[in-house]
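Q: Fold the following and give me the result.
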Amino acid sequence: MPSGLQNIFDVPELKRKIGFTFLIVVIYRIGGHITTPGIDLIRLTEWFGQQQNTLFGLMDMFVGGGLSRATIFALGIMPYISSSIIFQLLPPVFPYFEKLQKEGEEGRKKITQYTRYGTVVLAFIQSVGIATWLQSLGAVSMTNLWLFRVSTVVTLTTGAVLVMWLGEQITERGIGNGMSLLIFFGIVDRFPGAIFQSIEMLRNDVIGPIPMLLLVVVMIAVVAGVIVMTLGTRKIPIQIPKRMVGRKVMGGQQTHLPLRINSAGVMPIIFAQSIIIVPGTLGGLIAPGSWLEGVARMFSPQTNTYAFFYTIMIIFFTYFYTAVIFNPVDLAENFKRQGGFIPGIRPGARTAEYIDRVLTRITLPGALFLAAIAVLPMYMIRLINVPFYFGGTSLLICVGVALDTIQQMESHLLMRHYDGFMKKTRVPGRRMM
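A: Predicted structure coming up:
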């Protein structure tokens with residue numbers, strides 16, 4: 001590992017990319033601590049202390065605590081993520097966007113531009129909602145409420161657009177996926193506080209040494225399991241026959257189609273969590289005594305009803321999102337167009353059916369694993385009195401982003417090593433081996 005780290009800083013391009021990424025992240029975290037004008041932080045902090053398992057707590061986790069502090073980056077990257085998801089779901093419904101997807105680089109540029117416009121619109125709508133919500137909550141220190149609304153909407157919308165720009169800069173000029181990295185560092189920002197809280201609880205005998213040791217073992221096992229499931233693939237062999245192009249024989253190679261066990265990533269948990277915490281969120285906003293309050297208690301994260309429906313929704317959304325992003329029919333048509341085929345499977349419709357059958361089978365363990373990762377923290381909190389929420393969305397995002405960033409860094413190192421090796425072998429007066 002030390003030699004690998006040294007190699008990273010020996011590559012000028014990679015060192016420059018890492019430095020640029022670090023600078024952007026620092027700017028993002030500084031903006032995450034600048035409070036929007038006219039906010040009563042004491043009132044807002046007290047209210048958020050009771051919203052850990054609601055929709056507000058979920059949104060606050062994605063923006064690194066910016067919503068609970070009402071910072072200029074309170075919306076974070078969420079408007080852009082929401083806009084991206086919308087334009088991912090549009091192609092199967094609207095032929096125009098499906099045509100753009102098939103136009104290559106130009107089509108992707110248009111979709112990216114539409115995604116940016118959608119980000120601005122969503123950020124404006126969410127900013128209006130947050131300004132109205134803060135006013136109804138009584139967390140406003142300004143006397144001129146119209147000035148507060150206008151300044152909050154302008155500040156939060158501008159902040160969301162700036163965060164989108166920062167993420168795009170990381171993607172283009174830095175290392176890793178910029179949007180994912182901003183979410184990653186927003187989540188990791190809470191880890192030191194959770195660690196210190198655990199140490200204090202251990203010192204005060206709130207948690208015993210054995211439960212704490214068990215917690216560490218479970219955390220290591222869960223992280224290892226997430227890594228295995230994230231990288232796990234089923235490889236379908238693909239045969240490309242030989243063909244004559246002029247006087248040359250082309251093709252004749254064997255390759256494979258990698259199907260991920262968890263093709264949907266973290267999206268099923270996000271969809272399921274966004275829906276199942278709605279009753280609890282509404283129950284906390286309405287007056288006590290109504291029927292909705294009873295529904296909210298039934299869907300409290302401490303109940304088995306919550307865990308059951310949460311599991312069912314995760315499995316459903318895993319299959320749903322996989323079907324949206326993965327089209328076996330288009331894949332089979334591409335293979336047929338290129339002359340490729342799966343050994344023993346007839347090209348065309350039979351190939352599409354085979355890929356769909358394999359994908360359906362390997363998606364089930366991936367869906368069950370996602371459900372287990374999402375439900376595990378609830379029982380750990382109930383049985384071991386865990387002081388922080390470990391698992392689910394935050395864990396999958398952190399592991400997935402970390403693996404993707406490490407793979408990109410390794411690709412840079414391998415390319416550099418390959419170029420250096422070629423330069424060493426091509427020395428005048430020496431014979432190539």
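Q: pLDDT below threshold where in the stretch 1-150 of the chain?
A: 1-7, 9, 49-58 (pLDDT under 70).
Q: how about the helices in the stretch 151-300 of the chain?
A: Taking DSSP state H, counting those that start in this stretch, the helices of the stretch 151-300 of the chain run over residues 178-188, 191-203, 209-231, 267-276, 278-285, 291-298.
Q: what does the domain assignment say about the chain?
A: 1-189, 192-390 (automatic domain parsing).
Q: what's residue 227 in contact with, if anything?
A: 399, 403 (Cβ atoms under 8 Å, 6 or more residues apart in numbering). For glycine as for every other residue, the C-beta is placed from the backbone atoms N, C-alpha and C.
Q: per-residue confidence for it?
A: pLDDT, residue 227: 85.
Q: For it, give its distance to residue 107.
A: 34 Å (Cβ to Cβ, to the nearest Å).
Q: same thing with residue 257?
A: 23 Å.
Q: before we move on, what about residue 90?
A: For residue 90 relative to residue 107 (Cβ to Cβ), the value is 13 Å.
Q: Kindly report the same for residue 98.
A: 10 Å.
Q: residue contacts, residue 175?
A: 14, 17, 18, 21, 405, 408, 409, 412.
Q: at 7 Å instead, please
A: 17, 18, 21, 405, 408, 409 (Cβ atoms under 7 Å, 6 or more residues apart in numbering).
Q: Tell me how many other residues crowd the nearest residue in space to it that is not next to it in sequence.
A: In space, and not counting its chain neighbours, residue 175 is closest to residue 17: 4.4 Å by Cβ to Cβ, 6 or more residues apart in numbering. The number of residues packed near residue 17 is 20, by other Cβ atoms under 10 Å.
Q: ditto for residue 192
A: For residue 192, using other Cβ under 10 Å, the count is 9.
Q: any idea of the pLDDT on residue 249?
A: For residue 249, the model assigns a pLDDT of 58.
Q: Count the neighbours of residue 351 for me.
A: Neighbour number of residue 351 under other Cβ under 10 Å is 23.
Q: Name the residues that touch the helix or strand harbouring residue 337?
A: Residue 337 belongs to helix 328-338 when assigned by DSSP states H and E. Here helix 328-338 makes contact (Cβ under 7 Å, 6+ apart) with 238, 240, 341, 347, 348, 351, 352, 355, 356, 359.
Q: Out of the residues you listed, which sit inside strands?
A: Within those, residues falling in strands by DSSP state E are 238, 240.
Q: Is it possible to get the contacts of helix 328-338 out as TSV so that each row also shows distance to residue 321 and pLDDT?
A: Output for the contacts of helix 328-338, formatted as TSV (distance: Cβ to Cβ, whole Å; pLDDT from 0 to 100):
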residue	distance to residue 321	pLDDT
238	25	84
240	30	76
341	28	80
347	28	84
348	26	83
351	23	87
352	19	87
355	17	89
356	15	89
359	12	90
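Q: among the contacts of helix 328-338, which ones are buried?
A: 238, 240, 341, 347, 351, 352, 355, 356, 359 (16 or more other Cβ atoms under 10 Å).
Q: just to revisit the earlier point, and which of the contacts of helix 328-338 is nearest to residue 305?
A: Residue 305 lies nearest to residue 359 out of those, by Cβ to Cβ, at 31.0 Å.
Q: What sits closest to that closest one if chain neighbours are left out?
A: residue 259 (5.7 Å).
Q: so that neighbour touches residue 234, yeah?
A: Yes - in terms of Cβ atoms under 7 Å, residue 259 counts as a neighbour of residue 234; the distance is 4.6 Å.
Q: Between those two, which is the more surrounded one?
A: Each of residue 259 and residue 234 has its neighbours counted (other Cβ under 10 Å); residue 259 has more, 20 against 14.
Q: picking up where we left off before, mind checking which of the domains of the chain is nearest residue 398?
A: Nearest of those (Cβ to Cβ): domain 1-189, 5.9 Å.
Q: now the closest one, how far from the centre of its chain.
A: 12 Å (Cα atoms, centre = their mean, to the nearest Å).
Q: Also stretch 371-382?
A: 19 Å.
Q: give me the element residue 375 is part of.
A: Residue-wise, residue 375 maps onto helix 349-384 under DSSP H and E.
Q: Now do that helix and helix 328-338, the angle between them.
A: Comparing the axes of helix 349-384 and helix 328-338 via axes from the mean of the first three to the mean of the last three Cα atoms, to 10 degrees yields an angle of 140 degrees.
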